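Engineer: Structure of the sequence below:
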Amino acid sequence: MTGLTEEQKTEYFRRSYTAVDGLWFMKVEEKLGFAEALRLDEAVWKVLPKIQARALKGMMHLPGGLEGLEEALSARLDLEGFEYEMEPQGEGFAVIVKRCPWHDLMIKSGRGDLSERVSDLICRVENSVWASEFQRAEGDCREIRFEREERICRGEGRCVLRFGR
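Structural biologist: Here you go, the predicted structure:
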């Protein structure tokens with residue numbers, strides 16, 4: 001059909017996905033300024049993770065709760081090209097991000113100075129939405145909390161994302 005491998009197709013769509021995100025932001029920024037572009041980007045990232053989480057949950061037949069969330073986040077991070085490790089922690093888990101492709105793109109595009117401002121809002125919103133999409137587990141109605149500790153965009157060498165009850 002196309003002569004492309006599945007890996008090449010995946011890479012094509014990953015690049016398209018990241019390019020459209022960056023292009024959309026920069027075009028809005030040109031017209032309305034950085035603050036307004038970031039505000040609109042936040043609105044987008046309050047919705048997109050719901051779509052992504054629900055899609056992976058259905059495709060992978062995942063349960064609600066921390067178990068399903070951990071599997072879905074692993075799939076998402078793999079698909080987006082993150083380098084990371086998952087560590088169990090008490091009533092939850094931590095994601096230790098060693099390389100963030102979004103931060104790398106900000107650096108590559110000469111916008112590294114804005115990476116922390118974007119991450120401060122978008123990563124928090126995105127991961128909180130993912131947690132809320134897996135909130136309900138059979139017999140457990142407690143909230144799944146999301147917290148960030150270290151962050152690559154602040155020069156700390158890694159991101160530490162914690163999800164737990």
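Engineer: pLDDT (mean, whole number) over stretch 140-157?
Structural biologist: Mean per-residue pLDDT for stretch 140-157: 91.
Engineer: Off-centre distance for that stretch?
Structural biologist: Relative to the mean C-alpha coordinate of its chain, stretch 140-157 is positioned 11 Å out (CA atoms, centre = their mean, to the nearest Å).
Engineer: What of stretch 130-138?
Structural biologist: Chain-centre distance of stretch 130-138: 16 Å, with CA atoms, centre = their mean.
Engineer: Buried residues, it. List them.
Structural biologist: Trp130, Ala131, Ser132, Glu133, Phe134, Ala137 (16 or more other CB atoms under 10 Å). Where you see a C-beta, it was placed from the backbone N, CA and C, and this is true even at glycine.
Engineer: After the top helix by length along the chain, which helix or strand is next? Please name it.
Structural biologist: Using DSSP state H to define each element, the chain has its longest helix at helix 6-32. Reading on from helix 6-32 to the C-terminus, the next helix or strand found by DSSP states H and E is helix 34-45.
Engineer: quick one: that next one to helix 6-32, angle?
Structural biologist: The directions of helix 34-45 and helix 6-32 differ by 140 degrees, with axes from the mean of the first three to the mean of the last three CA atoms, to 10 degrees as the criterion.
Engineer: For the lengthiest strand in the chain, give the mean pLDDT please.
Structural biologist: For the chain, the strand reaching the highest residue count under DSSP state E is reported as strand 92-99. When pLDDT is averaged along strand 92-99, the result is 98.
Engineer: The buried residues of stretch 130-138 in helices, which ones?
Structural biologist: With helices identified by DSSP H, the entries of these that belong to them are Trp130, Ala131, Ser132, Glu133.
Engineer: Please tabulate the buried residues of stretch 130-138 in a markdown table, including the columns distance to Gly157 and pLDDT.
Structural biologist: Putting the buried residues of stretch 130-138 into a markdown table (distance: CB to CB, whole Å; pLDDT from 0 to 100) gives the following:
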| residue | distance to Gly157 | pLDDT |
| --- | --- | --- |
| Trp130 | 23 | 97 |
| Ala131 | 24 | 96 |
| Ser132 | 29 | 94 |
| Glu133 | 29 | 94 |
| Phe134 | 28 | 95 |
| Ala137 | 33 | 67 |
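Engineer: Kindly reformat these as TSV containing distance to Val47.
Structural biologist: Supplementary listing: the buried residues of stretch 130-138 in TSV, determined by distance: CB to CB, whole Å:
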residue	distance to Val47
Trp130	12
Ala131	15
Ser132	12
Glu133	11
Phe134	17
Ala137	23
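Engineer: hang on, the earlier thing: can you give me the angle whichever helix or strand comes after the longest strand of the chain makes with helix 6-32?
Structural biologist: Following the chain from strand 92-99 toward its C-terminal end, the next helix or strand by DSSP H and E is helix 101-108. Angle between the axes of helix 101-108 and helix 6-32 is 60 degrees (criterion: the same axes, to 10 degrees).
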